[in-house]
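Engineer: Return a 3D structure for these sequence lines:
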Amino acid sequence: MEQATFAAGCFWGVEDVFISVPGVVSTRVGYIGGSRELPTYHDVCSGMTGHAEAVEVTFDPALISYEKLLDIFWQCHDPTQLNRQGPDHGSQYRSAIFYHSTAQKLAAEDSLSRLNGSGQLRGRIVTEIVPATTFWEAEDYHQKYHQKHGGGCGF
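Structural biologist: Below you'll find the model as predicted:
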């Protein structure tokens with residue numbers, strides 16, 4: 001199994017996108033890329049910790065490639081919006097790929113370059129491609145939120 005970590009706005013909706021993809025074994029939402037240890041949702045929402053709301057995806061590379069996960073990531077949000085997605089704004093909602101290996105870094109950079117050059121987007125991609133740091137799992141009530149409470153983000 002391998003991990004992939006993506007930030008693309010509200011983690012509830014991003015988890016919705018990945019949770020049912022064939023080859024994805026599990027997902028969990030949390031916080032990554034910031035300075036505070038054991039951040040809470042309240043801490044991250046303050047904008048003072050530097051964390052992004054993110055989804056950690058555990059996947060079977062024999063069933064789905066990292067490149068396919070990247071394609072899904074690009075399609076589930078607007079990577080040209082800086083620190084916002086829809087009504088959510090702040091650095092915690094930034095677009096970011098947190099890579100776990102050199103191969104993931106190169107694949108992410110290649111996919112970003114291809115998408116930027118494709119003419120499919122109205123602006124330039126602002127997505128960060130950065131090394132994965134400690135992933136702090138969000139509070140239980142955030143896990144599988146839309147499955148528990150209904151709704152969805154319409155991706």
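Engineer: any idea how far Tyr99 is from Glu128?
Structural biologist: Counting by Cβ to Cβ, to the nearest Å, the gap from Glu128 to Tyr99 is 10 Å. (C-beta placed from N, C-alpha, C; glycine too.)
Engineer: more neighbours, those two?
Structural biologist: Set side by side, Glu128 and Tyr99 show more neighbours around Tyr99, with 21 against 14, by other Cβ atoms under 10 Å.
Engineer: Can you get me a residue count around the nearest residue to that one once chain neighbours are set aside?
Structural biologist: Nearest residue to Tyr99, sequence neighbours excluded (Cβ to Cβ, 6 or more residues apart in numbering): Lys105, at 4.3 Å. Neighbouring residues of Lys105 were enumerated by other Cβ under 10 Å; the total is 15.
Engineer: where does Lys105 fall, phi/psi-wise?
Structural biologist: Dihedral pair for Lys105: phi -60, psi -50, per degrees, to the nearest 10.
Engineer: contacting residues around it?
Structural biologist: Tyr99, Ile129, Pro131 (Cβ atoms under 8 Å, 6 or more residues apart in numbering).
Engineer: now, which of those residues sits nearest Glu37?
Structural biologist: Nearest to Glu37 among the contacts of Lys105 is Pro131, at 17.5 Å by Cβ to Cβ.
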